[in-house]
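Participant: Give me a model of this one.
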Amino acid sequence: MVSGFGTAMVGDHGADCNPVRRMRFRSANREETMPQVRIETRDHWLQGRNAQLFQAIQDGLVEGIKIPPDDQCFRLITYDAAHFPTPPGKTDRCMVIEVALVAGRTLAAKRGAYAAIARNIKAAFGIDPSDLRIVLEEVNLDNWGINGKPASEL
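Facilitator: From the prediction side, this is the model:
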């Protein structure tokens, strides 16, 4: 642990989360699937179960927004208690899950992803949905840089 936090990373190419290798054109509207997930939480409760957490979130994204199962890029940032205070009404296992993805999913798909991720984390870790903050950050292809170019030009 350095400066009160630690990190872990995984992707479908080991630690390589290069979206160029993960870009897939699925339909005429050029919906690319390249979500990148950042998880922030305290370090005490995971106890080496990072892969289980990644899988719970990945399965929720596959179910909710219909990404391919192997399309994944996770960054886990863990903090000690001094660097991640427990918000009021939350437990010390609360977490923030931020998913950057190409814009265009329906509200129904997003609802499905939120519910599936919360259900999977509850089943795997016993963490209530009230301890989760899930943020989907939709990115326009013009704002996703790959190889020095906007993804919209690839």
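
Participant: Am I right that Arg75 is in contact with Val37?
Facilitator: Yes: taking contacts as CB atoms under 8 Å, Arg75 lies within contact range of Val37: 7.0 Å. In this view, the C-beta of every residue, glycine as well, is placed from N, C-alpha and C.

Participant: out of the two, which sits in the more crowded spot?
Facilitator: Neighbour tally, Arg75 and Val37, criterion other CB atoms under 10 Å: the higher count belongs to Val37, 22 against 17.

Participant: Check which helix or strand Pro88 maps to.
Facilitator: Per DSSP states H and E: Pro88 is located in neither a helix nor a strand.

Participant: going forward, begin numbering at 395 instead of 1
Facilitator: Yes, from this point I'll number from 395; that puts the last item at Pro482.

Participant: Please determine how far it is located from Glu457.
Facilitator: 31 Å (CB to CB, to the nearest Å).

Participant: These two: who's more crowded?
Facilitator: Glu457 (17 against 5).

Participant: Now do the same contact list for the more buried one.
Facilitator: For Glu457, the contacting residues are 506-507, 510, by CB atoms under 8 Å, 6 or more residues apart in numbering.

Participant: Then Asn537?
Facilitator: Taking CB under 8 Å, 6+ apart, we find Asn537 in contact with Pro544.

Participant: and it, backbone torsions?
Facilitator: Main-chain torsions, Asn537, degrees, to the nearest 10: phi -100, psi 10.

Participant: Quickly note the distance from it to Ile491.
Facilitator: Distance of Asn537 to Ile491, computed by CB to CB: 21 Å.

Participant: same thing with Asp437?
Facilitator: Remark: distance between Asp437 and Ile491 (CB to CB) = 16 Å.

Participant: Neighbour count for those two, which is higher?
Facilitator: Ile491 (22 against 18).

Participant: Sweet, I'm off.
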